[in-house]
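*Asks:* Sequence first, predicted model second:
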Amino acid sequence: MPVLVITGTGTEVGKTVVTAAVAAAALAAGESVAVLKAAQTGVAPDEPGDALEAARLAGAVTVAEVARYPEPLAPGTAARRAGRAPVRPWEVAEAAGRLAAEHDLVLVEGAGGLLVRFDDAGGTLADAAGALAAPVLVVASAGLGTLNTTELTARELRTRGLLLPGVVIGSWPGAPDLASRCNLADLPEVAGAPLLGAVPAGAGGLDPGAFRTAAPGWLAPALRGTWDADAFRAREGA
């Protein structure tokens, strides 16, 4: 099944922009793409969510959400406070499966980190990935503190028998500090998986045409891009 689950090591690490970049690179390679947001929180019914933002940047992708809730909280909490049914992992898996029957690639974007709860039974994005037997791409921050959260996420994926193809840095600073430069070598070590890209800070603010042109250069060939980790480390002084 052509499904890639995209999780972050936490909130505000660049998941949506990375999702858009992966989608743009796949579209440039001639593939059909769908973006599925497992649970959208903090957005009103008539406001665009993360899936639509990914489509705005990436281009002609199919977008879908399993559910959305108005308050910017963990999905399980947001559902309870809104008095609405929660998202169940099997619902995410079923929605992704339907999209996979009609697309070359389905990107399933989580909410927050891997173990953020969807429901009162403790269901998570990790459970949805397990039901799909899908690989999970991890989006991490660049600087101090990212090694711990990245390693914890990677350990949980391995414990569950889920494939971690690699890590993408969601927002690479224009003037990286020492910790960020060192993390270019340390992130793949703690994750036990390769570094598969680094999206520049502010990429989400680019004109969509410029974003689509540049996106393959931010991602490694495993994600249909041209980015080279060794060359990037050398250029950034890591």
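*Replies:* Sure, I can see it. Residues are numbered from 1 along each chain as shown.
*Asks:* in this structure, which spans are strands?
*Replies:* For the chain, the strands defined by DSSP state E cover 3-8, 33-37, 40-41, 62-65, 68-69, 105-113, 136-140, 167-172, 195-200.
*Asks:* how far does the third one sit from the chain's center?
*Replies:* If I follow you right, that is strand 40-41. Between the centre of strand 40-41 and the centre of its host chain there is 14 Å, according to CA atoms, centre = their mean, to the nearest Å.
*Asks:* do the fourth one as well
*Replies:* Strand 62-65 has its average C-alpha position 15 Å from the chain's average C-alpha position, going by CA atoms, centre = their mean.
*Asks:* Same list (the strands of the chain) but as JSON lines, adding distance to Trp218 and mean pLDDT.
*Replies:* Heads up, the C-betas are built off the backbone N, CA and C, glycines and all. JSON lines is the format used below for the strands of the chain (distance: least, CB to CB, whole Å; pLDDT from 0 to 100):
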{"stretch": "strand 3-8", "distance to Trp218": "14", "mean pLDDT": "97"}
{"stretch": "strand 33-37", "distance to Trp218": "16", "mean pLDDT": "98"}
{"stretch": "strand 40-41", "distance to Trp218": "24", "mean pLDDT": "94"}
{"stretch": "strand 62-65", "distance to Trp218": "21", "mean pLDDT": "96"}
{"stretch": "strand 68-69", "distance to Trp218": "28", "mean pLDDT": "94"}
{"stretch": "strand 105-113", "distance to Trp218": "15", "mean pLDDT": "95"}
{"stretch": "strand 136-140", "distance to Trp218": "12", "mean pLDDT": "98"}
{"stretch": "strand 167-172", "distance to Trp218": "8", "mean pLDDT": "98"}
{"stretch": "strand 195-200", "distance to Trp218": "5", "mean pLDDT": "98"}
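*Asks:* Including distance to Phe232 and mean neighbour count, could the ones you listed go into a markdown table?
*Replies:* Shown next, in a markdown table, are the strands of the chain (distance: least, CB to CB, whole Å; neighbours: other CB atoms under 10 Å):
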| stretch | distance to Phe232 | mean neighbour count |
| --- | --- | --- |
| strand 3-8 | 20 | 25 |
| strand 33-37 | 25 | 27 |
| strand 40-41 | 32 | 23 |
| strand 62-65 | 30 | 18 |
| strand 68-69 | 36 | 24 |
| strand 105-113 | 23 | 26 |
| strand 136-140 | 15 | 28 |
| strand 167-172 | 9 | 27 |
| strand 195-200 | 6 | 24 |
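*Asks:* list the contacts for the residue of the chain lying at maximal distance from its centre?
*Replies:* Among residues of the chain, the one most distant from the C-alpha centroid is Gly83; the distance is 27.7 Å, by CA atoms, centre = their mean. Residues near Gly83 by CB atoms under 8 Å, 6 or more residues apart in numbering: none.
*Asks:* Next, find the distance separating it from Val61.
*Replies:* Distance, Gly83 to Val61, by CB to CB, to the nearest Å: 32 Å.
*Asks:* same check, this time on Leu219
*Replies:* 16 Å.
*Asks:* Next: Val22.
*Replies:* 10 Å.
*Asks:* When these two are compared, which one has more neighbours?
*Replies:* Set Val22 next to Val61 and count neighbours by other CB atoms under 10 Å: Val22 wins out with 32 against 25.
*Asks:* distance of the nearest residue to that one once chain neighbours are set aside from Leu187?
*Replies:* Nearest in space to Val22, with sequence neighbours left out and distances taken as CB to CB, 6 or more residues apart in numbering, is Leu223 at 5.5 Å. Distance, Leu223 to Leu187, by CB to CB: 16 Å.
*Asks:* more neighbours, the two?
*Replies:* The neighbour comparison of Leu223 against Leu187 (other CB under 10 Å) goes to Leu187, with 27 against 23.
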